[in-house]
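Engineer: coordinates only, sequence not included:
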Ligand code: NAD
């Protein structure tokens, strides 16, 4: 049986860089019998969706209104306090209505304290409702192309998994749903992963800068890194040096991409996770401070976090140094 057979409405709250393209994919691909409810504190994106997909997309008045009209509710919000506010403590919060048998999936990247607090509140308030953390990888391009990977806060044996994957396959890579082992483990997985990608942004920038100034063509250096022990996806696909990877944000003025402020937030989540676990975390605070400084500067705030290469003073017009460039 199709797990979505008895579902007539899905809701999505948070129509930003990630949520809006997810909503567009849902509007275009959800079966005819399922409508989409949307809500954002700023109504412009919801208005535009309703105009573009009349009859399919409906704008809810607030989170409670959306929850009362939807059997499955997705949220894609900036941080833990926003998620707590929308589900629990804010005006017209989701949990102010009857959530019996509803599926709630929070796709935001947040801390384990808030996700567990929201889950506990929902369980007490509506025992038959199911709340999961389900953060994503893939960025706004993955959201547009519906190729997101989901880190699910559940076990592989969770009975809701068929329903979860049935809805998320409209926004995600068919095979990329990773049950991470229980409540909040999606957040733990995502935080650990982003700690690596955040630090790689800094380390690759430093390595490329020292290599170029040492005299090597950055395209050649990128090839060397690819074939050596330093091999990593930031150097290969999102190289921070402009012009090395034509499709990377660095080659387009560091836009679009994963903004400096989001990386500051995620490294902060990692520092906190490490502190809670009693881990020795040697670079977390330093990396956090770098992104916090960049976020405080007008010229970096709106840029992809790999603009750390520019922040370090890396040579951007390196083509002048290599005559055959
Ligand atoms: P964003 O700031 O672009 O969008 C967030 C949206 O939520 C905004 O439209 C905002 O108006 C809305 N919002 C905030 N508070 C609200 C509230 N109380 N009620 C209703 N709407 C509210 O952020 P984003 O880039 O879409 O990121 C969302 C989440 O996804 C973050 O946790 C981020 O870390 C994570 N993420 C982002 C990327 C990326 O590349 N942007 C990649 C992976 C994960």
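Structural biologist: It's in. What you see is a predicted model; the values in this text were computed from it and never measured. Residues are numbered from 1 along each chain as shown.
Engineer: please enumerate the helices of the stretch 201-325 of the chain.
Structural biologist: Ranges of helices within the stretch 201-325 of the chain are 218-227, 233-237, 260-277, 284-295, 298-301, 308-311, based on DSSP state H, counting those that start in this stretch.
Engineer: out of those, which comes closest to the ligand?
Structural biologist: helix 260-277 (4.6 Å; C-beta to the nearest ligand atom). Glycine gets a C-beta too; all of them are placed from N, C-alpha and C.
Engineer: anything in that closest one near the ligand?
Structural biologist: Yes - interface with the ligand: helix 260-277 contributes residue 262 (C-beta under 6 Å from any ligand atom).
Engineer: okay if I get the helices of the stretch 201-325 of the chain as a markdown table plus mean neighbour count and mean pLDDT?
Structural biologist: Listed next are the helices of the stretch 201-325 of the chain as a markdown table, based on neighbours: other C-beta atoms under 10 Å; pLDDT from 0 to 100:
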| stretch | mean neighbour count | mean pLDDT |
| --- | --- | --- |
| helix 218-227 | 16 | 98 |
| helix 233-237 | 17 | 95 |
| helix 260-277 | 20 | 97 |
| helix 284-295 | 19 | 98 |
| helix 298-301 | 12 | 98 |
| helix 308-311 | 22 | 98 |
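Engineer: the ligand contacts on the stretch 1-150 of the chain?
Structural biologist: Counting by C-beta under 6 Å from any ligand atom, the residues of the stretch 1-150 of the chain near the ligand are 13-19, 39-42, 76-78, 82, 85-86, 90, 108-109, 136, 139-140.
Engineer: at 5 Å what do you get?
Structural biologist: 14, 16-18, 40-42, 76-78, 82, 86, 108-109, 139-140 (C-beta under 5 Å from any ligand atom).
Engineer: looking at the helices of the stretch 201-325 of the chain, which is closest to residue 120?
Structural biologist: helix 260-277 (17.2 Å; C-beta to C-beta).
Engineer: what ranges of this protein fall below the confidence cut-off?
Structural biologist: Applying pLDDT under 70 to the chain flags residues 325.
Engineer: residue in it with the shortest distance to the ligand?
Structural biologist: For the chain, C-beta to the nearest ligand atom, closest residue to the ligand: residue 16, 1.7 Å.
Engineer: give me the secondary structure label for that residue.
Structural biologist: Following DSSP: H, G, I helix; E, B strand; the rest coil, the label given to residue 16 is coil.
Engineer: ok, how many other residues are close to it?
Structural biologist: By other C-beta atoms under 10 Å, 16 other residues sit near residue 16.
Engineer: kindly report the same for the one 3 residues further on.
Structural biologist: Other residues lying near residue 19 total 24 when counted by other C-beta under 10 Å.
Engineer: same deal with residue 128?
Structural biologist: So residue 128, with other C-beta under 10 Å, has 10 neighbours.
Engineer: repeat for residue 15
Structural biologist: The burial count for residue 15: 24, using other C-beta under 10 Å.
Engineer: my guess is it contacts residue 50. True?
Structural biologist: No - Residue 15 lies out of contact with residue 50 (C-beta atoms under 8 Å); the separation is 11.3 Å.
Engineer: which residues are common contacts for these two?
Structural biologist: Counting by C-beta atoms under 8 Å, 6 or more residues apart in numbering, the common neighbours of residue 15 and residue 50 are residue 38.
Engineer: strands of the protein, residue ranges please.
Structural biologist: With DSSP state E, the ranges of strands along the chain come out as 9-13, 35-39, 57-59, 72-75, 103-106, 130-133, 136-137, 148-152, 172-179.
Engineer: now those in CSV, with mean neighbour count and distance to residue 317?
Structural biologist: Formatted as CSV, these follow (neighbours: other C-beta atoms under 10 Å; distance: least, C-beta to C-beta, whole Å):
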stretch, mean neighbour count, distance to residue 317
strand 9-13, 26, 43
strand 35-39, 23, 44
strand 57-59, 20, 46
strand 72-75, 25, 43
strand 103-106, 24, 43
strand 130-133, 26, 44
strand 136-137, 22, 32
strand 148-152, 24, 35
strand 172-179, 17, 37
